[in-house]
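K.L.:
fold the following and give me the result.
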Amino acid sequence: SLNDNAIQGLYTPGSTFKLATATAALQAGLITPGYYYNDTGSYTIPGCAAGGSGCATYHDNEGEVGGEVNVTRAITISSDVFFYNLGVQFWDNRGHYGLTPIQDAANSLGYGVVTGIDLPNETHLARVDSPQVVAREHAQDPKDYPNGQWFTGNNLEMAFGQGGTVITPIEQAVSYATFANGGTRYAPEIGAGFVDPISHKVLGTVAPKVLGHVAYTPANWQAMLAGFQGVVSDPRGTASGAFAGFPLGTFPLAGKTGTATTQEQQPNSWFVGWGPLPNPQYLIAVVVEGGGFGSEVAPRAPPRAREPGRPPRPRPGHPPRPRCPGPPRRPHPVRRHPRPAPAAPLARRGRGPRPGPTGGLGLRRARSRLDRQMTVLWPRVEPLLARVTKPARYIGGELGACRPDQQPGGVAWLLLYPDTYEI
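P.N.:
Next up, the predicted model:
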């Protein structure tokens, strides 16, 4: 049977989840927009003696050094070390902030929450990892989940989108749309209205359904938005290379990349983008299962950015699945940094198989990879934009994509639009 992965696929969010962690840290007062942290390229949990039980050194993307970064810069360059620190600070100060401040912020944005879209069979299995989830898994299946406790290391990996968190693309889109519009979470709809196909007259409308609010202060919201804008426009932004030559001056965008480690050999690749700023009308969320690193995959599918406003080419029906050229002559291995295995107090609990398009989603490592995969995502995004003739509230489905091993892979995608639709 076929799955609608936009509402049924379960994927680790990776660095795109930093939206939730930054929201929690700023709104709870753990940090301010002016708080700086020194990203040295690696992180050791404070109080851990070198080589001590349960201690490990966690590395940034490819060991990159961000230097002194605030939340804006940390989002732009996707500094893992900055967010490692936030996860640990929250857990060390749980007496003040509670056990689940990041999870609470994530739920308020839309992560791990059924969106209620008017389509059948939306999955109820998405969730944000938490002490409660760990305890429940252990109680239900102590053999596969022998450790029912939550440690500092669990909070660290959850804070940057790894661990046991799995979400759907529709949840990703709703969460970023909540931020992009200033903090109001809406239920996604198939359409915002009904249009006569001949006269194009609006025959009726569907009222927006408000599900919740995130009370951003103007300073906090602007600090985060500046970081997301930097992702596509700053020279060190993780998607800036893919948007070289794009007319950001006339069509400003913001976005976030993510590379999520799974049990598969190649990680999953994410991109979320919205615009035009300051009053965005469009938001797109894309995940490429097994997409790997954009810098390695992109040469096989060079991007062609289309200028906004240019008439789209006719694309009847769904775009065809691309023909994959076969195994590469020299496969690109996944680069992994050696890391001491954490011992008992910080060791990841046992994970059984999780339902989802990637098979088992047992996620054991606190690891984020290089967030530069937008160059492989954009060739998949651009044809979608070319298909739209009128703004639509929601379009979802799957497109074909060539995975790094040159075998056909899946791309779950969706678009969210605010107005009446016609396709």
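K.L.:
taking the mean pLDDT, what do you get for the helix or strand where I170 lies?
P.N.:
Per DSSP states H and E: I170 is located in helix 169-180. On average, the pLDDT along helix 169-180 is 97.
K.L.:
immediately after that helix, which helix or strand?
P.N.:
strand 184-186.
K.L.:
give me the average confidence score over the helix or strand following that next one.
P.N.:
Counting by DSSP H and E, the element after strand 184-186 in chain order, helix or strand, is strand 193-195. Strand 193-195 shows a mean pLDDT of 89.
K.L.:
name the residues that touch the first helix or strand past strand 193-195 going along the chain?
P.N.:
Going down the chain from strand 193-195, the next helix or strand is strand 202-205, by DSSP H and E. Outside of strand 202-205, the residues that reach it under the criterion CB atoms under 8 Å, 6 or more residues apart in numbering are 192-196, 420. Bear in mind the C-beta positions are built from the backbone N, C-alpha and C, glycine included.
K.L.:
got the buried residues for strand 202-205?
P.N.:
In terms of neighbour count (16 or more other CB atoms under 10 Å), strand 202-205 has no buried residues at all.
K.L.:
for stretch 32-43, same thing?
P.N.:
Of all the residues in stretch 32-43, those buried under the rule 16+ other CB under 10 Å are 33, 35, 37, 39, 41-43.
K.L.:
what's the farthest-apart pair in those residues?
P.N.:
The span of the buried residues of stretch 32-43, defined through CB to CB, is set by P33 and S42 at 25.0 Å.
K.L.:
now the terminal residues of stretch 28-44, how far apart.
P.N.:
The straight-line separation of the ends of stretch 28-44 (CA to CA, to the nearest Å) is 24 Å.
K.L.:
thought E68 was touching Y37?
P.N.:
Yes - in terms of CB atoms under 8 Å, E68 counts as a neighbour of Y37; the distance is 7.4 Å.
K.L.:
which residues of this structure fall in helices?
P.N.:
5-8, 18-28, 71-77, 80-92, 94-97, 101-109, 131-140, 152-159, 169-180, 218-233, 294-297, 374-387 (DSSP state H).
K.L.:
in JSON lines: these, plus mean neighbour count and distance to W274.
P.N.:
Converted to JSON lines, those look like this (neighbours: other CB atoms under 10 Å; distance: least, CB to CB, whole Å):
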{"stretch": "helix 5-8", "mean neighbour count": "24", "distance to W274": "17"}
{"stretch": "helix 18-28", "mean neighbour count": "25", "distance to W274": "12"}
{"stretch": "helix 71-77", "mean neighbour count": "25", "distance to W274": "14"}
{"stretch": "helix 80-92", "mean neighbour count": "24", "distance to W274": "21"}
{"stretch": "helix 94-97", "mean neighbour count": "13", "distance to W274": "29"}
{"stretch": "helix 101-109", "mean neighbour count": "24", "distance to W274": "14"}
{"stretch": "helix 131-140", "mean neighbour count": "16", "distance to W274": "30"}
{"stretch": "helix 152-159", "mean neighbour count": "25", "distance to W274": "23"}
{"stretch": "helix 169-180", "mean neighbour count": "27", "distance to W274": "5"}
{"stretch": "helix 218-233", "mean neighbour count": "20", "distance to W274": "8"}
{"stretch": "helix 294-297", "mean neighbour count": "22", "distance to W274": "20"}
{"stretch": "helix 374-387", "mean neighbour count": "21", "distance to W274": "12"}
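K.L.:
need those helices in TSV with distance to P252, can you?
P.N.:
TSV is the format used below for the helices of the chain (distance: least, CB to CB, whole Å):
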stretch	distance to P252
helix 5-8	26
helix 18-28	19
helix 71-77	15
helix 80-92	25
helix 94-97	34
helix 101-109	22
helix 131-140	38
helix 152-159	29
helix 169-180	12
helix 218-233	7
helix 294-297	22
helix 374-387	16
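K.L.:
and H59, how many residues sit next to it?
P.N.:
Other residues lying near H59 total 20 when counted by other CB atoms under 10 Å.
K.L.:
okay, and the beta partners of it?
P.N.:
As for beta bridges, H59 partners with S42 under DSSP bridges.
K.L.:
if we can go back for a sec, what angle sits between the helix holding I170 and helix 101-109?
P.N.:
Orientation check (axes from the mean of the first three to the mean of the last three CA atoms, to 10 degrees): helix 169-180 against helix 101-109 gives 90 degrees.
K.L.:
just the C-alpha atoms of helix 169-180, please, in PDB.
P.N.:
Extracted as PDB, the C-alpha positions of helix 169-180 are listed here (Å, rounded to 0.1, in the frame of the first residue of the first chain):
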ATOM      1  CA  PRO A 169       6.300  16.800   7.600                       C
ATOM      2  CA  ILE A 170       2.900  18.300   8.200                       C
ATOM      3  CA  GLU A 171       3.900  18.900  11.900                       C
ATOM      4  CA  GLN A 172       7.200  20.500  10.700                       C
ATOM      5  CA  ALA A 173       5.300  22.800   8.500                       C
ATOM      6  CA  VAL A 174       2.700  23.700  11.100                       C
ATOM      7  CA  SER A 175       5.400  24.400  13.700                       C
ATOM      8  CA  TYR A 176       7.400  26.700  11.400                       C
ATOM      9  CA  ALA A 177       4.200  28.400  10.200                       C
ATOM     10  CA  THR A 178       3.300  29.100  13.800                       C
ATOM     11  CA  PHE A 179       6.600  30.900  14.300                       C
ATOM     12  CA  ALA A 180       6.500  32.600  10.900                       C
END
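K.L.:
mind giving me the packing neighbours of that helix?
P.N.:
Using 3 or more CB pairs under 8 Å, 6 or more residues apart in numbering; DSSP states H and E as the contact criterion, the neighbours of helix 169-180 among helices and strands are helix 5-8, helix 18-28, helix 101-109, strand 184-186, strand 268-275, strand 282-288, strand 408-416.
K.L.:
elements contacting the first one?
P.N.:
Spelled out, that is helix 5-8. Contact here means 3+ CB pairs under 8 Å, 6+ apart; on that basis helix 5-8 packs against helix 169-180, strand 394-402, strand 408-416.
K.L.:
so A159 touches G87, yeah?
P.N.:
Yes - when contacts are counted by CB under 8 Å, A159 is listed as touching G87 (2.8 Å).
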